[in-house]
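Peer 1: structure of the sequence below:
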Amino acid sequence: MNKIKSFLLLFYFGLYTVTVAQEAVINERIESLNFIDQLPEEILSTKTVVIVKTLNNQQSGIRPEWKSVASVVQKGMVKSGIDAVAYYHFDDLLSGYESYHAFLDEFDERDVKHAAFLLTDGAFYRLILLKLTDRQFLIEQNQNAWKIDGKDLAAMMEDVYRKAANSKLESTNLLIIETPEFGEMVHVIKKRRSDFYDLNFASETLAIPQFADSSEIAKVMVDYPYKWKIVPLGSDEKELRSQGLQYVLYYCHSTVESVRSLLEYPLGENQSAYVSEVIENGQTQVTTHTLNTNVYKFYVKHIYSQNVFIGKKWDPAKSWQDALKNYIFNMRHELVRN
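Peer 2: Numbering: from 1, shown residues only. Got it, this is the predicted structure:
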């Protein structure tokens, strides 16, 4: 098996072991891309976002350092005439339903038309240039794209420059920033942020977008003391409310540092780890996660007011199953009195 094929098999296998629903669809579409010999037609005259995807450590869930590649990529982008306006990590972009659409809103505000996906395991690289065409999944199935692979990222960027220079594409990107700009994390909470649980949970049915297999969700929700209902992923909140559903369950999934930023938790100066706390059957259990550990954190949103209930404790976990259990157990401790 050649180096490129084995790299991609490992890379995509790694993605499938840690992703759910929407992320998996986007990964499938990346894998289905139809690579052609031409750069995207308007990439030298529109804005581009760079999305870096690293192969995370599958046992520890630790995200490796990724920002050092940006300076190499940006130097090549400037020389090629590609206006790379911001760099993001793939896991931050796909950190949750609400955060994902908040990032896309930001792309729209900045009039971003193209994306450069950089896939790397730290020793090998694949750079993919394509047009952003799909609001829900970024790209279309079997969409045309251009790619380059290699071990030497600087040499690859020189090849990108030569490809652009020899193309007949209109080039109007003149004021390209010399140094890479890392996109800021969005905030998913638009209204009130509540670090407690709503007493009205008891009288309402919780809507759960189907982010994973329904049977797996049901196994965890058996501990939820109130009514709940699985709804299609991406369900319109107004439609849910018209069905009598007042609350919806969401999650953020990225590094501890990113999740805390998304949900507006404070980040202590020079603090490198945070303790996750859950109270189960009156017993407190704690787990420590470093800032670059990938975790899930669940929260409940009241549809009408848009208020968000994140709970009283910082309670994420590395698997979505454990994170959802943590939220439920902490909620039961506060609201359910036997």
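Peer 1: now residue 94, nearest residue through space, not along the chain?
Peer 2: In this structure, residue 94 finds its nearest non-sequential neighbour in residue 23, 4.6 Å apart by Cβ to Cβ, 6 or more residues apart in numbering. (Each C-beta comes from the backbone N, C-alpha and C, glycine too.)
Peer 1: now for the one you found, how many residues are close by?
Peer 2: Neighbours of residue 23 under the rule other Cβ atoms under 10 Å: 22.
Peer 1: all helices of the chain, in order?
Peer 2: 3-18, 21-31, 68-80, 90-93, 97-109, 153-165, 214-221, 237-242, 256-262, 320-335 (DSSP state H).
Peer 1: for residue 219, grab the count of nearby residues.
Peer 2: 12.
Peer 1: let's see the pLDDT reported for the spatially closest residue to it that is not a sequence neighbour.
Peer 2: What sits nearest to residue 219 in space, not counting adjacent residues and going by Cβ to Cβ, 6+ apart, is residue 321, at 7.6 Å. In this model, residue 321 is scored at 96, pLDDT.
Peer 1: so residue 321 makes contact with residue 213?
Peer 2: No - with contact defined as Cβ atoms under 8 Å, residue 321 and residue 213 do not form a contacting pair (11.0 Å).
Peer 1: neighbour count: these two, which is higher?
Peer 2: residue 321 (15 against 11).
Peer 1: and that one, what is it in contact with?
Peer 2: 216, 219, 220 (Cβ atoms under 8 Å, 6 or more residues apart in numbering).
Peer 1: make TSV out of the residues you listed and add pLDDT and distance to residue 250.
Peer 2: Below are those laid out as TSV (pLDDT from 0 to 100; distance: Cβ to Cβ, whole Å):
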residue	pLDDT	distance to residue 250
216	94	17
219	96	19
220	96	15
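Peer 1: is it possible to get a markdown table of those residues that adds distance to residue 127?
Peer 2: A markdown table is the format used below for the contacts of residue 321 (distance: Cβ to Cβ, whole Å):
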| residue | distance to residue 127 |
| --- | --- |
| 216 | 35 |
| 219 | 40 |
| 220 | 39 |
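Peer 1: about what we covered before: how much space is there between the residue nearest to residue 219 and residue 287?
Peer 2: Residue 321 is 14 Å from residue 287, where distance means Cβ to Cβ, to the nearest Å.
Peer 1: below-threshold pLDDT in the stretch 1-150 of the chain: ranges please.
Peer 2: Along the stretch 1-150 of the chain, the parts satisfying pLDDT under 70 run over 1-22, 56-60.
Peer 1: and if we set it to 50?
Peer 2: 1, 6, 9-10, 13-19 (pLDDT under 50).
Peer 1: I figured residue 178 was touching residue 74, is that so?
Peer 2: Yes - taking contacts as Cβ under 8 Å, residue 178 lies within contact range of residue 74: 7.4 Å.
Peer 1: those two: which has the busier surroundings?
Peer 2: Shown here are residue 178 and residue 74; by other Cβ under 10 Å, residue 74 has more neighbours (21 against 8).
Peer 1: what sits closest to that one if chain neighbours are left out?
Peer 2: That would be residue 180: by Cβ to Cβ, 6+ apart, it lies 4.2 Å from residue 74.
Peer 1: ok, the residue lying closest to residue 240 once chain neighbours are set aside - contacts?
Peer 2: The shortest distance from residue 240 to any residue other than its chain neighbours is 5.1 Å, reached at residue 207 (Cβ to Cβ, 6+ apart). Residues near residue 207 by Cβ under 8 Å, 6+ apart: 228, 229, 231, 235, 240, 245, 247, 248, 249.
Peer 1: how about 6 Å then?
Peer 2: By Cβ atoms under 6 Å, 6 or more residues apart in numbering, the residues touching residue 207 are 229, 231, 240, 245, 248.
Peer 1: over to residue 318?
Peer 2: Residue 318 neighbours (Cβ under 6 Å, 6+ apart): 61, 295.
Peer 1: same question, residue 314
Peer 2: residue 276.
Peer 1: ends of stretch 199-213, how far apart?
Peer 2: End-to-end distance for stretch 199-213: 29 Å, by Cα to Cα, to the nearest Å.
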